[in-house]
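Asker: let's see this in three dimensions:
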Amino acid sequence: MFTRWSVAVVFLGAVFVSADDTKGRKDNLEGTWKLTRVVNDGKEDPKAVGGRVEIRDGKISGFDPENKQTFVISYRLNPDRKPSEIDMKIVEGKDRGRTAEGIYSLEGDTLKLCYSYAGGKRPREFKSAAGEQQICLEMKRDRK
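Answerer: Predicted coordinates for the structure are as follows:
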């Protein structure tokens, strides 16, 4: 599920910020997140629900519901775009080196992330339909 990251990163002159540049901003994504909903290519993936995502020090680490680490990703944010954009690259894991373009939304303790894989275009909205090669995640901040 998390290993389908193969879209080229495109900067197009936009202003991107690294994770360190977002401290104190409303779009600070750092923390531990629990997956509450996963839609992969238009299909719900209940087996992934309950997994964990940790965002720290410019990296996103994913863990399956059995607590096995499945990937580590570096990322860059463009919070000034609407919707806010994220570009990701797998730095550890099965698909090391693959990239993906996505969008994200942070509202309170809810983080939504939707991204394309396998050469798909950056999503423009938070939905995944069959054949679009997109994964959409919904997460709740774990305040433990």
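
Asker: use CA for all of it now, contacts and neighbours both
Answerer: OK.

Asker: residue contacts, the residue sitting nearest the centre point of the chain?
Answerer: Centre of the chain computed as the mean C-alpha position; nearest residue by CA atoms, centre = their mean is Leu113, 4.8 Å away. Applying CA atoms under 8 Å, 6 or more residues apart in numbering, we find Leu113 in contact with Gly102, Ile103, Tyr104, Ser105, Phe126, Cys136, Leu137, Glu138.

Asker: now the fifth one: closest residue in space that isn't a chain neighbour?
Answerer: It stands for Phe126. For Phe126, ignoring the flanking residues on the chain, the nearest one in space by CA to CA, 6 or more residues apart in numbering is Cys114 at 5.9 Å.

Asker: and that neighbour, how far is that from Arg143?
Answerer: Distance of Cys114 to Arg143, given as CA to CA, to the nearest Å: 23 Å.

Asker: which strand or helix spans Ser128?
Answerer: According to DSSP states H and E, Ser128 maps onto no helix or strand at all.

Asker: how many other residues sit next to it?
Answerer: Neighbourhood size, Ser128 [other CA atoms under 10 Å]: 23.

Asker: how close does it sit to Ala100?
Answerer: In terms of CA to CA, Ser128 sits 15 Å off from Ala100.

Asker: could you do Ser116 as well?
Answerer: Counting by CA to CA, the separation of Ser116 from Ala100 is 6 Å.
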